[in-house]
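Chemist: need the 3D shape of this:
(4 chains)
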Protein chains: 2
Amino acid sequence: MSRVPLANPGDAFQATEDSDRRADRRIQRTRQQLREALLALILERGYETLRVEDITERANLGRATFYLHYRDKEALLLDSIRQTVDELLAQVSAFAPPHLEAGSEAAARWLQRAIALVFEHAAASATLYRVILRGEGTAAISRRIHAMICQAVLTYLEAHRPHQMPALPADVLANYFAGALLALLTWWLESGMPYGAEEMAAMFYHLFYEGIGHLTLPPSPTDG
Amino acid sequence: MSRVPLANPGDAFQATEDSDRRADRRIQRTRQQLREALLALILERGYETLRVEDITERANLGRATFYLHYRDKEALLLDSIRQTVDELLAQVSAFAPPHLEAGSEAAARWLQRAIALVFEHAAASATLYRVILRGEGTAAISRRIHAMICQAVLTYLEAHRPHQMPALPADVLANYFAGALLALLTWWLESGMPYGAEEMAAMFYHLFYEGIGHLTLPPSPTDG
DNA sequence: TATAATTATAGACACTTCGTCCATAATTGG
DNA sequence: CCAATTATGGACGAAGTGTCTATAATTATA
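Modeler: Numbers count the residues shown, from 1 in each chain, chains lettered A, B, ... in the order given. As a prediction, the model looks like this:
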């Protein structure tokens, strides 16, 4: 009996240290085939009714092989997600500015660019994003993504706006932001990305910063 | 063999015509016990790992009895949801104004009141709302709720703003609105409703109409 | 290339949950 | 009180899960 370490022993979204040290090509091939099969099947038939055998069949693998790598299909899904999320986090946090004046033009431009990064990354990994945002798999997954965005907003607020928030709790703002962003992202992917990532970021940014008040008031010719 | 009609034969959220004709008290008692048991257990242990026997056990019923009323636990959940959703829809649509001037003050006040209604209704059925908004059960459920809100927004827009929307597709606006609203609703319920329903509606309405631009720009003393 | 180690595989296994069926008991509306 | 309906516990096969074993195939490396 050889010992193949399971991919997700503990919690989700934990970086696995041995992910680079896996020398054997069979392992990498097998796991990637499983991941691809899972994502494809989820988009085709949904997550819930998928059997382990469906996945291994699509991946051209024996069913027993599955359990050499993952405890169950949820572990496989979490592994797939972790990969992509780690990627995005690295990309965005590498984009963090050393110091920006609170509420400055530069900060605003940076924020809009950061949002565009999210849309761009989603486009690049559209399949996985659709799976996540559809809420397939454990309900906890999309909740965790939402929480991550909230946390990012709260951190941003603390860094860029130290003091009073007039009659608007930070939690409310963070959840509003995260909910709206994820909803736009979801719609965008599900409807075939009919606009560019930059466009989407601009629309979201505009809605978030300006609202729609001046759009609905009829005697307001100040907007194009 | 007696024939007890299943509660959700077809799609979800369909009004069951026989719901009033059910004379037998045993049926009403049984179904309500099942619904209550399900919701309580979901909040305690989550939906996915729940067995039918767990539900009937909590409801003090035999397992076979369950299948006299519902096909599976999803049908039971959908039935619970349908009840509450029907209630809300009736409440909100009864609140629809016969005619309002587009972009008028009256229309704005009506909209804010309609949003408050949603928060109030969520508070009254907090348990069920938490279950729905957590995304427990089929992923399709929360997606459908989101879609319902989007549709309502689109209908509202069509009625109240017939022509051009400058550089902002209606779909984008509707999804932004629905996502943000559901996120706020979720946070509000999960954190123990720390503000009043009217307050929440006001905050949401303000964010949606005014955005936060004037909150973050430092040299802007025009807001309190 | 040869070899030892590792991984993939098929099949069998016990186990759990599901949904159905039956005979019988209990409750209901009339 | 009675006929009709519903609830119950038990048994059943079907389906899926996760584990295990013996064997085959592949890999890394000497």
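
Chemist: quick check, the helix or strand where A:T30 lies touching chain B?
Modeler: Using DSSP states H and E, A:T30 sits in helix A:25-45. No: Helix A:25-45 is not in contact with chain B by C-beta under 8 Å from any C-beta of the partner chain; minimum separation 10.1 Å. In this view, the C-beta of every residue, glycine as well, is placed from N, C-alpha and C.

Chemist: which is the next helix or strand following that helix?
Modeler: Remark: after helix A:25-45, the chain's next helix or strand is helix A:52-58, criterion DSSP H and E.

Chemist: following element in sequence after that next one, please.
Modeler: Counting by DSSP H and E, the next helix or strand C-terminal to helix A:52-58 is helix A:63-66.

Chemist: packing partners of that following helix?
Modeler: Counting contacts by 3 or more C-beta pairs under 8 Å, 6 or more residues apart in numbering or on different chains; DSSP states H and E, helix A:63-66 is packed against helix A:52-58.

Chemist: check whether the helix it packs on comes near DNA strand D.
Modeler: Yes: using C-beta under 7 Å from any atom of the strand, we find that helix A:52-58 touches DNA strand D at A:52-53.

Chemist: so how far is the helix holding A:T30 from its chain's centroid?
Modeler: Taking C-alpha atoms, centre = their mean, to the nearest Å, one finds helix A:25-45 lying 19 Å from the centre of the chain it belongs to.

Chemist: and it, what does it pack against?
Modeler: With contacts taken as 3+ C-beta pairs under 8 Å, 6+ apart, helix A:25-45 sits against helix A:52-58, helix A:73-93, helix A:126-133.

Chemist: so for DNA strand C, which of the ones you listed sits nearest?
Modeler: When these are compared by C-beta to the nearest atom of the strand, helix A:52-58 sits nearest DNA strand C, at 7.0 Å.

Chemist: mind listing what's buried along the closest one?
Modeler: Within helix A:52-58, the residues that count as buried by 16 or more other C-beta atoms under 10 Å in any protein chain shown are A:52, A:54-56, A:58.

Chemist: export it as CSV, just CAs?
Modeler: Output in CSV follows, covering the C-alpha atoms of helix A:52-58 (Å, rounded to 0.1, in the frame of the first residue of the first chain):
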residue,chain,number,x,y,z
VAL,A,52,-18.1,9.9,-8.6
GLU,A,53,-18.3,7.3,-11.3
ASP,A,54,-19.6,10.0,-13.8
ILE,A,55,-16.6,12.0,-13.1
THR,A,56,-14.1,9.2,-13.5
GLU,A,57,-15.8,8.0,-16.6
ARG,A,58,-15.5,11.4,-18.2
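
Chemist: for the closest residue to A:A40 other than its chain neighbours, give its distance to chain B.
Modeler: Leaving aside its chain neighbours, A:A40 sits nearest to A:R58 (6.8 Å; criterion: C-beta to C-beta, 6 or more residues apart in numbering or on different chains). As for A:R58, its distance to chain B is 21 Å (criterion: C-beta to the nearest C-beta, to the nearest Å).

Chemist: picking up where we left off before, which positions in the helix holding A:T30 come out as buried?
Modeler: Going by neighbour count (16+ other C-beta under 10 Å), the buried part of helix A:25-45 is A:30-31, A:33-35, A:37-39, A:41-43.

Chemist: over to stretch A:123-132?
Modeler: For stretch A:123-132, the neighbour count (16+ other C-beta under 10 Å) marks A:123, A:125-126, A:128-132 as buried.

Chemist: mind putting the buried residues of helix A:25-45 into a markdown table with pLDDT?
Modeler: Shown next, in a markdown table, are those (pLDDT from 0 to 100):
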| residue | pLDDT |
| --- | --- |
| A:T30 | 98 |
| A:R31 | 97 |
| A:Q33 | 98 |
| A:L34 | 98 |
| A:R35 | 96 |
| A:A37 | 98 |
| A:L38 | 97 |
| A:L39 | 96 |
| A:L41 | 97 |
| A:I42 | 96 |
| A:L43 | 95 |
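
Chemist: just name the closest of the residues you listed to DNA strand D, please.
Modeler: Using C-beta to the nearest atom of the strand, these come closest to DNA strand D at A:T30, 10.2 Å.

Chemist: the closest one: what's it in contact with?
Modeler: By C-beta atoms under 8 Å, 6 or more residues apart in numbering or on different chains, the residues touching A:T30 are A:59, A:61, A:65, A:68-69.

Chemist: buried ones among the residues you listed?
Modeler: A:59, A:61, A:69.

Chemist: the last one contacts A:R29, correct?
Modeler: Spelled out, that is A:H69. No: using C-beta atoms under 8 Å, A:H69 is not in contact with A:R29; the gap is 11.1 Å.

Chemist: if we can go back for a sec, could you dump the helices and strands packed on helix A:25-45 to a markdown table with distance to DNA strand C and mean pLDDT?
Modeler: As requested, the helices and strands packed on helix A:25-45 are arranged in a markdown table below (distance: least, C-beta to the nearest atom of the strand, whole Å; pLDDT from 0 to 100):
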| stretch | distance to DNA strand C | mean pLDDT |
| --- | --- | --- |
| helix A:52-58 | 7 | 98 |
| helix A:73-93 | 14 | 86 |
| helix A:126-133 | 22 | 92 |
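
Chemist: so can I have TSV of the ones you listed showing distance to B:L88?
Modeler: Putting these into TSV (distance: least, C-beta to C-beta, whole Å) gives the following:
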stretch	distance to B:L88
helix A:52-58	38
helix A:73-93	32
helix A:126-133	25
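
Chemist: nearest to B:Q151, out of those?
Modeler: Shortest separation from B:Q151 across these is recorded for helix A:126-133, at 19.1 Å, computed as C-beta to C-beta.
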